[in-house]
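>>> I'll drop the sequence and a predicted model, then ask my questions.
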Amino acid sequence: MNPPLLILDSVTKLPAEANGAVVVGGSHAAVYAAYLSAKGGLRAAIHHDAGIGLGEAGVGGLAYAEALGMAMVALATATCRIGDGQDQFERGIVSRLNAQAADCGVAIGMSCKDAVELLKRAPWPHQPPPPQDESRHLVGSIVCVDSASLLVPEDRGMVVATGSHGARNAGATTAPTRPRLIFFNDAGPGIDRGGVLGLDILEHEGVAGVAVAAASARIGDGRSTLQDGTISAANRIAHRLGARVGASALALAQTVAENAA
């Protein structure tokens, strides 16, 4: 048995060949990403621990996956960049794992490369996940989405709070929507400032971008980003709108939304 290995920057849009594969995905290891991995039929998933953060949300998907019978591992934010599957494969070190991964011999402190080989014998197929609850909400006029992949053209010019990390790929995929202001979780921000590199891309595209500290808001939960988040990073366009490190995400979002009305 030699199941395929896929290395992806995100698990939001899994290819058909992910079914039965071991996937190193650039996504966080929160519940929403675990749901997408299980829905895609992965044999085993290796994600990023996103700094673990408030309520240990960054690794909350491990227990979710365990209940479905799917092996799942998280990599330490201090060792590899979130949103960069190849970097996770090359440099990542295991920080957390679930029971199925442990049964394969994976252990904390192991390299991602070694974990991949062990996870090729993970149990499969596993139980499919139950339907996911609504992941898009309005708080006043502010759009809250649990994943930046849920943005739609109608979000142009809106204030948007996402549950996603703010890595390079997040900036690149959300810039075309052109929100007035967009919030992310900083996922640590980890090695090389990986969790906030997308703010620079947004700035280049003329979009105001802000990240909130992982310790202040649950990654994978857009409403927590908005309502609980404390700003940890902002690009210059967001700074001109009033973003300041240490300030409340909610206060900034409300001010910008009111001024746009």
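Great, that's in hand. Residues are numbered from 1 along each chain as shown.
>>> Could you pull up the residues touching L151?
By CB atoms under 8 Å, 6 or more residues apart in numbering, the contact list for L151 reads 145, 160, 162, 174, 177, 179. All C-beta atoms are positioned from the backbone trio N, CA, C, and that covers glycine.
>>> can you list the weak-confidence ranges in the protein?
Low-confidence segments of the chain, defined by pLDDT under 70: 1.
>>> Would you map the strands across it?
Under the criterion DSSP state E, the chain carries strands at the ranges 5-8, 22-28, 44-48, 71-75, 94-97, 136-139, 142-145, 159-165, 181-185, 208-212, 231-234.
>>> For the nearest residue to R244 once chain neighbours are set aside, give me its contacts.
Spatial nearest neighbour of R244, excluding adjacent residues (CB to CB, 6 or more residues apart in numbering): I231 at 6.5 Å. For I231, the contact set (CB under 8 Å, 6+ apart) comprises 210-213, 243-249, 252.
>>> domain parsing for this structure?
Per automatic domain parsing, the structural domains of the chain span 5-119, 136-260.
>>> ok, now how distant is V22 from A115?
V22 sits at a distance of 9 Å from A115 (criterion: CB to CB, to the nearest Å).
>>> cool, and T225?
From T225 across to A115, the span is 30 Å (CB to CB).
>>> These two - which one has more neighbours?
Neighbour count, other CB atoms under 10 Å: between T225 and A115, T225 has more, with 30 against 26.
>>> shouldn't that one be in contact with H165?
No: counting by CB atoms under 8 Å, T225 does not reach H165; the two are 10.7 Å apart.
>>> thought E17 was touching P3?
No: at 10.6 Å, E17 does not count as touching P3 under the criterion of CB under 8 Å.
>>> ok so, going back, got any residues that touch both of T225 and H165?
184-185.
>>> can you pull out the helices in the protein?
31-39, 61-68, 85-91, 99-103, 112-119, 168-174, 198-204, 222-228, 236-240, 249-260 (DSSP state H).
>>> Against which helices or strands is the last one packed?
Counting contacts by 3 or more CB pairs under 8 Å, 6 or more residues apart in numbering; DSSP states H and E, the secondary-structure elements packed against helix 249-260 are strand 142-145, strand 159-165, strand 181-185, strand 208-212, helix 222-228.
>>> nearest to L42, of the ones you listed?
Closest to L42 of the helices and strands packed on helix 249-260 is strand 159-165 (CB to CB; 19.5 Å).
>>> so what's the residue nearest to the spatial centre of the chain closest to, chain neighbours aside?
With distances taken as CA atoms, centre = their mean, the residue of the chain nearest its centroid is H28 (3.8 Å). Spatial nearest neighbour of H28, excluding adjacent residues (CB to CB, 6+ apart): A50 at 3.8 Å.
>>> contacting residues for the one you found?
For A50, the contacting residues are 28-30, 57-59, 77, 82, 165, 185, 187-188, 195, 214, 219, by CB under 8 Å, 6+ apart.
>>> Out of those residues, grab the one that's most surrounded.
Greatest neighbour count in the contacts of A50, by other CB under 10 Å, goes to I82: 41 neighbours.
>>> I figured that one was touching A29, is that so?
No: applying CB under 8 Å as the test, I82 and A29 come out as separate, 9.9 Å apart.
>>> That'll do, ta.
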